[in-house]
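Chemist: coordinates for the following, if possible.
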Amino acid sequence: MREYMTSNPVVALTLTLLLLVLCPRAYRVVETWEHVTVRYGVWEDLPVLQSAAFQRGYRRLNDVCKTDYYHGFMFSRGDNTKAMPIYDLNGALAGVQSRFRLPIGQRGYNSQNETISLPPVEVMPPVLKAFSDGRGSQHYTVTAYFNHPSLICSPLVSPGVLPGRGLYIQMGFNPARHFLSVPLHDRDLSPLWVRGSCLPQMGTHYFSNLSRALPCEKLYPLFLMYNWEGQLAAFGWLFQGRPYSLRSNDGVEWFRLTTPTYPFLFDTSQLPPCMFQEGFQVFGIHVYLRRHETLVCPRENPQRYPPSDKAHGNIRHSAPASQQTHDINNNEKIDIRGNYDGVNISRDEQFNSVDIRDKANRKPSSSNDCPVARDSSLILLTSVILLFMSVVR
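Modeler: Below you'll find the model as predicted:
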């Protein structure tokens, strides 16, 4: 069949045009996530356009796209800093930042059950210092982008940068260079990411380096959630301690977990003993990229999830790459994905300047959306060439 299609340009072109009508995703990049929602306390949909944000009572915080702390135009509403949407030059939703502060003098715990300052230096980045409010309170931020960070404030696409939706975690104060690219499918995660529980309307959780041997000061702030097909569906932030303010006036609040409520998020068999220290607690928030009602937990397929020793601590690295900056020689490569480009950390940039490049996990569209799309580009190209040859003859 394929031979007949490629030998007859009229048939090939007709079928290709039909494919474009029936399956337009085959030839376009999916620019945005279908549904961006923050969750706890209430479900809050983030406005997908800057104009809609103004209509819903948000105010813009900056007039210059590139700031010293993030890229894009950030909006907030009232006292809610838990999920502040970021828009690109075209006014489209391009990211979200969470900002928090801790009560003055609050202490946390390390693996020896000794008290430590919060947030621990081991989780910076992705936690970054923002500003001090002049009353002794330090504010901190974590920022995620839904498009490549170099595209947020630029109308031009840089060489080697693929457009389209994704998830990029800011790892320094120049997000165009300092970011972590999150795989869009769980099969592309490195062994660093440990599969946890699957919970209805939340999906299958993955935590970085989580095991019973993990020091509590290295509890990584980012966790990921994938749907039953293994597609990225949501992510969340997780911090040790308790926030200065739990709830915003609009009803959005941090989730807060202590030992009795750990099963809300964790498989407790994977947790280190220090997390069961009296007084230990965590807080955070979920950010959904797909509709939560589609995140179900069917019976696991043993071929999809083969037996693994991830939960027992047999992981390649003892901490996320961003936490190993001081131990890495200049130009050493670390494979954060397991089989793709690694992490290039320059010694002179040090702690808050981690250059993480990942080009392999960006896919214009899914073959599950259009099963026949995998051969369509070849067919279209062949059709054009044959038509041109027939005209020349």
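Chemist: alpha carbons only for contacts and neighbour counts from here, please
Modeler: Noted.
Chemist: pLDDT weak spots in the stretch 251-393 of the chain?
Modeler: 298-393 (pLDDT under 70).
Chemist: one more time with 50, if that's ok
Modeler: 301-377 (pLDDT under 50).
Chemist: just give me the neighbour total for residue 284.
Modeler: When neighbours are defined as other C-alpha atoms under 10 Å, residue 284 has 25 of them.
Chemist: does it sit in a helix, a strand or a coil?
Modeler: Classification of residue 284 using DSSP: H, G, I helix; E, B strand; the rest coil returns strand.
Chemist: which SS class is residue 150?
Modeler: At residue 150 the chain is in helix, as set by three-state DSSP.
Chemist: residues in contact with the closest residue in space to it that isn't next to it in sequence?
Modeler: Sequence neighbours aside, residue 176 is the residue nearest to residue 150 in space, at 4.5 Å (criterion: C-alpha to C-alpha, 6 or more residues apart in numbering). Residue 176 is in contact with 148-150, counting by C-alpha atoms under 8 Å, 6 or more residues apart in numbering.
Chemist: and for residue 33?
Modeler: If a contact means C-alpha under 8 Å, 6+ apart, then residue 33 has 146, 165, 289-290 as its contacts.
Chemist: rerun that using 7 Å as the cut-off
Modeler: Contacts of residue 33 were listed using C-alpha atoms under 7 Å, 6 or more residues apart in numbering, and they are 165, 289-290.
Chemist: what bits of the stretch 51-200 of the chain have low per-residue confidence?
Modeler: Judged by pLDDT under 50, no stretch of the stretch 51-200 of the chain qualifies at all.
Chemist: circling back: possible to save the contacts of residue 176 as JSON lines with distance to residue 64 and neighbour count?
Modeler: Output for those, formatted as JSON lines (distance: C-alpha to C-alpha, whole Å; neighbours: other C-alpha atoms under 10 Å):
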{"residue": "148", "distance to residue 64": "19", "neighbour count": "23"}
{"residue": "149", "distance to residue 64": "15", "neighbour count": "27"}
{"residue": "150", "distance to residue 64": "15", "neighbour count": "18"}
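Chemist: which one among these gets closest to residue 54?
Modeler: residue 149 (23.3 Å; C-alpha to C-alpha).
Chemist: what helix or strand is the nearest residue to the closest one once chain neighbours are set aside on?
Modeler: In this structure, residue 149 finds its nearest non-sequential neighbour in residue 176, 4.8 Å apart by C-alpha to C-alpha, 6+ apart. Per DSSP states H and E, residue 176 falls between elements, in no helix or strand.
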